[in-house]
Structures are given as C-alpha cells and as structure tokens.
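Chemist: Starting from these lines, generate the structure:
(chains A, B and C, ligands or ions: 2)
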Amino acid sequence: MAATVSKTSYATPSGRVIELDVPHWPGNLAGQHLDVRLTSEDGYQAARSYSIASVGSGLVELAVDRIPDGEVSPYLTMDIMPGDQLEVRGPLGGWFVWREGATEPVQLIGGGSGVVPLMAMMRQHAAAASAVPFRLLYSARTDDDAFYAKEIDDLAGPALDVTWIYTRKGPGSWTGPIGRLTRETLAAAVIPAAENPAVFVCGPTPFVEAVASWLVELGHDPARVKTERFGGA
Amino acid sequence: MAVISRGFTGRRREPGPDLPPGQFLTRDFPVLSAGPTPEVDTADWQFSIRTDDATLHTWSWDEMMALPIETVDTDIHCVTRWSKLGTTWRGVSLDTLFADVETTDEFVMAHSYGGYTTNLPLEDLLDGKAWLAFEFDGEPLEPEHGGPVRLLVPHLYFWKSAKWIRGLEMQQQDEPGFWEQNGYHTYGDPWREERYS
Amino acid sequence: MTDGKHVDGNALAGPLSEVFDFDVTSASARCASCGDTTELARAMVYEKPHSFIVRCSHCDAVLMVILQKTDATELDLRGTAWLRAPR
Ligand SMILES: Cc1cc2nc3c(=O)[nH]c(=O)nc-3n(C[C@H](O)[C@H](O)[C@H](O)COP(=O)(O)OP(=O)(O)OC[C@H]3O[C@@H](n4cnc5c(N)ncnc54)[C@H](O)[C@@H]3O)c2cc1C
Ligand SMILES: [Zn+2]
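Modeler: Ligands and ions are numbered 1, 2, ... in the order given. This is a model prediction of the structure:
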C-alpha cells in the first residue's frame, strides 16, 4: 500500500513521530505493527518493521528512533518530509495486542522506542474509559529521550500507574535514582505475579531479554508475558 | 509497482578499485548471525577430518597450536555486500592438516559447533588458500566472529569461512550445506557475484 | 548460549502474510526437535539478506526458513512438526 507522509514532528532529539495517510487503512488493534519498504531510484529496497502508536482507523502514527549508522531509521528520522511516499504493509500481528474486552490487569514495560505499541494500548484504554488496571514502567535514557512523555504524564492517574526509569538523566524535579533498571526496581514497580497480570514487554532485544527473565524469576507465568524485541545487541 | 522513496539511497557506497562487483568497504567488522553464538571452550574444542573410509583424524587445541602457524593478510567479502581490506589473521594452513589425509573424494562438508554446515570443493581448501584461524588483528578470535576457531577461505564469500569450525567431512558429491540449501550459491565466488542460487 | 541479535516471531507477520492469509504468528507450532509447542510469535527470528531463520525458543533448533526471492516467497518447514491456527 502506498502511504503519504502527512505530518512529522521531532519527539525527542533522536526520534521522530510520523503520521501517515494510508488510503483504505482497515484500522488496527493496539500493539500491532506494519512493515515499511523503501525503494531507491535505482530499485534497491530495504524493509523494516515499525509499531503503530495510534489505534483504529484514521491517520497511522509511527514513532521512530534513529540508530546511528542504521540504513532505514536515519532516513525516516531526518530525510522524509510531508508529501513523501512510502510503501507499507499492515496492520500486522495478532499476538502482541491488547483487546478492549480483556479483563485481567495489564502491566506494560517499555524501553526506549519500545513504548510505541504500549502507547497504542494506553490510548485505547483511555479512550474506552476502561476500568481494567493499567501500569506502565518506562525506561528512557533521559527525560528528553522519552517518547510521548507529556501525553503519558497526562494519562497517568487512577486508571494508569506510571513508573519512570531514567538511565542517564531525569527531569529537573527528579529526585529518584538514575541508572539501569534492576531486578529489584522491577519487582517493586510491577503488578505482582499473584494478581495474574497480562504483561507486555517491548524494546531493544537486550532490555527485553533481561526484563523477561526477571519476570519469570519473580514468579510470572511465562505464558502471560508477551514480548516484542526491536533488535540490536 | 514499487513506490520510489524520494532521496532514499540505502547503505551503499561507491565501489572501490579492489572490490568485487556490488561490494562496499567497511571499517568495522559486522556480525551476521543466524542463531545463538555457541560458546566453545578451547579445552573442549576438537577438530576432525573424516574420510570416506571412516578414518578420523583429530586435533585438540594444544595439538593444533603445536603445528606451524602462519600469518595471513587478506581481504574478506561478505555476501551482504560489505568488504574489508587488509585483515590480518593467524592460523594453521589446511595443507598442513591434510598432509596425512588420504582421500579420493573431491568435496568437503564443513561442520560447525551449533550445527551449521557449508560445502566446498577440496581444491579450494588446498595450496595455501585456506586456514583454521584463531586470531584476528592480533587478538584471539571472538565468539561472535566464530571463535575460538573458524575456517578462513578468503577467496570465497565469507559464509564459506565457517564460524566455530568443528570438522570437515569428505564427500563424493557436492552436497549442499545449511546455507546452500537455504538459497545461497553452491560455490560463492565474489568476483562472479555468486550470491544466491 | 547468548545472542542479542534476534527479534520475536511477531516480526514474521509481514513476510508470512505472503504465504498465509491469516495471522500465522498467533498459531501454535510444535518443534520437531524438542516437541515444545508454542505460538510462532514467541520463536526467535534472525534476519539475513533475503531470508529469515526461525528458531525454537526452547532448544534453538531451526523451525523454519523463509526465503524471499524476486519472484516468490519460499517456506522451508523442516523443523516444524505441527501447526495449529486459532479460528
Ligand atoms: C515488530 C517490530 C517493531 C518495531 N517497532 C519499532 C518502532 O516502533 N520504533 C523504532 O524506532 N523501531 C522499531 N523497530 C526496530 C526497527 O524495525 C529497525 O530495526 C530500526 O529502526 C533500525 O533499523 P535501521 O535500518 O536504521 O538499522 P540497521 O541498518 O538495520 O542496523 C544498524 C545497526 O544497528 C543495530 N540495531 C538494529 N536495530 C536496533 C535497535 N532497535 N536498537 C539498537 N540497535 C539496533 C543493528 O544490530 C546494526 O548493528 C521494530 C522492530 C520490530 C521487529
Ligand atoms: Zn525445540
């Protein structure tokens, strides 16, 4: 499907939010992704997956973080402009998704751009005024590097409990610790295994790997922990 | 019909004078993995050559280190289009390892720890064309680059230089290995762009 | 064994949409090597140029290889003993 870039905005120093106009977009579930395929003048092609931050029909929103020396993400975060065309395929995947009818409490754990599919889940949860308890644990390098920081702060409240982890620097008012997520911080922040939450973990592969194994050690049923690794080592 | 993305060029550079067609130069050493990296301790490492009459020639790490060691300066070419010029390796020539091996078979299947296989003609391994390499640019070969020991056959695309090498098995016919069954060219000459079959 | 380079089976949803017209990543697959049965979305995916190598997250064996050729998508299912697709 040919998509047209309708709007872009710099969300973080290295990341960009891209809104796409996709004719006949059938709508998507919260957590799904799409595949973007780029073709150069001489026919060379490269394809990558990107999670969808929006839900339902309408414009399709992506948020892309620039990987230095990457092939596709520098193009998406620096070169494209409104009016440009990309090829997309999707919506894709029916497993890493949250459906509105689900009743169990939900724990979201995101690292870096891994918050993108979780954002779609939080947006749907808020739009439905769902009473299902939601918790987010979001690890970002610095407060400037956090995607959707303002929107997440606005959504936080009785229906959405938010824990921030900053690995390098927090906002000016921040009094909490600075540093990588540890098993202890994770244990203290997430919905306990005894409450049988559905857990969604997303981010760079090493982050997801560490979190998923800690969750299992903390007694979470592996069958209830769903992961989406973005790659990288 | 594909939509052209304005200004997108992909990660390709100008071809250099010493480069096979379709390759670009890289300064770092990209890792292309198709599975977990096997961790092989040199204490457990063993290399063997098995011939058609089931004769097994084996070497332990210490036995290999006792053989004459050569320094190899060479260019390497990966099927994913990067090339690296002037790399330095240390290892044992396969001529040395094959010195006492008697065989009439003309083909070889290379087997790796972790289960990979790749096929080669025997003549591509002899006459100073291939080594068992355990050092890269002065350092022990890292596991992600195939350490402790990888095959080094620099005149072919680099997947033929099997990482984590464990043994060679002589074969009468050129049976395809793991990569070759999965779409890679059976011979893999970078100068003739034998990438995929 | 350690390796940070893979992604999850979820990422196969696009490439496999050329072969199946339902979301096969939600289907359960049984590993022919160890018998582990789990959603394909949980498998480990290693992307190579023109191919995806899909491994069992339990025993690392190759479950399937997806080859993307110019004129076709080929699926090598040697390592998958059984597949169950939810309706
Ligand atoms: C299902 C799925 C959903 C995804 N959703 C998003 C998303 O919403 N937003 C987003 O920004 N990305 C997302 N990604 C990652 C994205 O697909 C690309 O991998 C990423 O943009 C890098 O592509 P590239 O071409 O720039 O880098 P490449 O040229 O592919 O890689 C360059 C180097 O960077 C390393 N690398 C690749 N990916 C990462 C990474 N994620 N972190 C650290 N190092 C890496 C590689 O190992 C390589 O060494 C998703 C991936 C998957 C599988
Ligand atoms: Zn298995």
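
Chemist: contacts and neighbour counts: CA atoms only from here.
Modeler: Noted.

Chemist: check contacts around the residue sitting nearest the centre point of chain A.
Modeler: Residue closest to the average C-alpha location in chain A (Cα atoms, centre = their mean): A:V116, at 2.0 Å. By Cα atoms under 8 Å, 6 or more residues apart in numbering or on different chains, the contact list for A:V116 reads A:S51, A:I52, A:A53, A:L62, A:A63, A:F147.

Chemist: repeat that with 6 Å
Modeler: Each residue near A:V116 by Cα atoms under 6 Å, 6 or more residues apart in numbering or on different chains is listed here: A:A53.

Chemist: From ligand 2, how far off is it?
Modeler: 31 Å (Cα to the ion, to the nearest Å).

Chemist: now do A:A159
Modeler: Separation of A:A159 from ligand 2 (Cα to the ion): 40 Å.

Chemist: what about that residue, how many residues close to it?
Modeler: Neighbour count for A:A159, taken as other Cα atoms under 10 Å in any protein chain shown: 17.

Chemist: how much space between it and A:G111?
Modeler: Taking Cα to Cα, to the nearest Å as the measure, A:A159 falls 21 Å from A:G111.

Chemist: Apart from its neighbours in sequence, what residue is nearest residue 73?
Modeler: Assuming you mean chain A. Spatial nearest neighbour of A:S73, chain neighbours left out: A:R66 (5.0 Å); criterion: Cα to Cα, 6 or more residues apart in numbering or on different chains.

Chemist: wait, I meant chain C there
Modeler: Spatial nearest neighbour of C:T73, excluding adjacent residues (Cα to Cα, 6+ apart): C:L67 at 5.7 Å.

Chemist: Same question for A:E195.
Modeler: Spatial nearest neighbour of A:E195, chain neighbours left out: A:P105 (7.6 Å); criterion: Cα to Cα, 6+ apart.

Chemist: can you check A:N28 too?
Modeler: A:G56 (5.0 Å).

Chemist: likewise A:W214?
Modeler: Per Cα to Cα, 6+ apart, closest to A:W214 is A:R183, 6.1 Å.

Chemist: okay, now the one you found: neighbour count?
Modeler: Neighbours of A:R183 (other Cα under 10 Å): 16.

Chemist: Model confidence score at it, please.
Modeler: Looking at A:R183, its pLDDT stands at 96.

Chemist: What are the phi and psi values at it?
Modeler: When read as degrees, to the nearest 10, the backbone of A:R183 gives phi -60, psi -40.

Chemist: At the contact with ligand 1, which residues of chain C appear?
Modeler: For chain C, the residues found near ligand 1 under the criterion Cα under 6 Å from any ligand atom are C:V7, C:N10, C:A11.

Chemist: And the residue nearest to A:S73, how far from A:T182?
Modeler: In this view, A:R66 and A:T182 are 25 Å apart by Cα to Cα.

Chemist: Point out where chain C drops to low pLDDT.
Modeler: By pLDDT under 70, the weakly predicted segments of chain C are C:1-4.

Chemist: at 80 instead, please
Modeler: For chain C, residues meeting the criterion pLDDT under 80 lie at C:1-5, C:49, C:70.

Chemist: Quick check: neighbours of the helix or strand encompassing C:L67 in the sheet, parallel or antiparallel?
Modeler: According to DSSP states H and E, C:L67 maps onto strand C:62-68. Strand C:62-68 pairs in its sheet with strand C:51-55 (antiparallel), strand C:73-76 (antiparallel), by DSSP bridges.

Chemist: Bridged to the residue nearest in space to the middle of chain C, which residues?
Modeler: By Cα atoms, centre = their mean, chain C has its centre lying nearest to C:V54, at 4.2 Å. Judged by DSSP bridges, the bridge partners of C:V54 are C:V45, C:M64.

Chemist: Check the contact between it and C:A61; I expect there is one.
Modeler: No. With contact defined as Cα atoms under 6 Å, C:V54 does not count as touching C:A61 (8.5 Å).

Chemist: tell me the contacts of the residue nearest to C:T73?
Modeler: With Cα under 6 Å, 6+ apart, C:L67 has these contacts: C:H50, C:S51, C:T73, C:E74.

Chemist: Produce a PyMOL select command limited to the buried residues of those.
Modeler: Buried subset of the contacts of C:L67, written as a PyMOL selection, criterion 16 or more other Cα atoms under 10 Å in any protein chain shown:
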select buried, chain C and resi 50+51+74
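
Chemist: just the contacts of C:L67 now: which is nearest chain A?
Modeler: Of all these, chain A sits closest to C:H50, with 10.4 Å by Cα to the nearest Cα.

Chemist: The residue in chain A sticking out farthest from the centre and chain B, how far apart?
Modeler: Among residues of chain A, the one most distant from the C-alpha centroid is A:D42; the distance is 33.1 Å, by Cα atoms, centre = their mean. A:D42 sits 8 Å away from chain B, going by Cα to the nearest Cα, to the nearest Å.

Chemist: That residue belongs to a strand?
Modeler: No. Counting by DSSP: H, G, I helix; E, B strand; the rest coil, A:D42 is not part of a strand but coil.

Chemist: follow-up on the earlier one: would you reformat the residues of chain C next to ligand 1 as TSV and include distance to B:V79?
Modeler: Formatted as TSV, the residues of chain C next to ligand 1 follow (distance: Cα to Cα, whole Å):
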residue	distance to B:V79
C:V7	22
C:N10	26
C:A11	23
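
Chemist: In strands, which of those residues appear?
Modeler: When the residues of chain C next to ligand 1 are checked against strands (DSSP state E), the matches are C:V7.

Chemist: now, which of the residues of chain C next to ligand 1 lie close to chain A?
Modeler: Subset of the residues of chain C next to ligand 1 in contact with chain A: C:V7, C:N10, counting by Cα under 6 Å from any Cα of the partner chain.

Chemist: so what's the closest residue to ligand 1 within chain C closest to, chain neighbours aside?
Modeler: Here chain C gets closest to ligand 1 at one residue, C:A11, 4.5 Å apart by Cα to the nearest ligand atom. Counting by Cα to Cα, 6+ apart, C:A11 lies nearest to A:S49, which is 7.0 Å off, once chain neighbours are set aside.

Chemist: where does that neighbour fall, helix, sheet strand or coil?
Modeler: strand.

Chemist: same thing with the one 5 residues further on?
Modeler: Three-state call for A:S54 (three-state DSSP): coil.

Chemist: Does it touch A:A120 like I think?
Modeler: Yes. The criterion here is Cα under 6 Å, and A:S54 meets it with A:A120 at 5.2 Å.

Chemist: Tell me the strands beside the helix or strand containing A:Q107, with direction?
Modeler: Using DSSP H and E, the secondary-structure element containing A:Q107 is strand A:106-111. Strand A:106-111 pairs in its sheet with strand A:134-142 (parallel), strand A:198-203 (parallel), by DSSP bridges.

Chemist: could you dump those strands to CSV with mean pLDDT, mean neighbour count and distance to B:D174?
Modeler: CSV is the format used below for the strands paired with strand A:106-111 (pLDDT from 0 to 100; neighbours: other Cα atoms under 10 Å in any protein chain shown; distance: least, Cα to Cα, whole Å):
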stretch, mean pLDDT, mean neighbour count, distance to B:D174
strand A:134-142, 97, 23, 52
strand A:198-203, 98, 26, 43
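
Chemist: Distance to ligand 1 for those - can I get that in a markdown table?
Modeler: Converted to a markdown table, the strands paired with strand A:106-111 look like this (distance: least, Cα to the nearest ligand atom, whole Å):
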| stretch | distance to ligand 1 |
| --- | --- |
| strand A:134-142 | 13 |
| strand A:198-203 | 7 |
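
Chemist: quick one: average confidence on stretch A:49-63?
Modeler: Rounded mean pLDDT across stretch A:49-63 is 95.

Chemist: swap in stretch B:167-181?
Modeler: Stretch B:167-181 comes out at a mean pLDDT of 93.

Chemist: One more: stretch A:122-132?
Modeler: Per-residue scores along stretch A:122-132 average to 95.

Chemist: before we move on, what about stretch A:18-27?
Modeler: Across stretch A:18-27, pLDDT averages out at 95.

Chemist: residues of that stretch that come out buried?
Modeler: A:I18, A:E19, A:L20, A:D21, A:V22, A:W25, A:G27.
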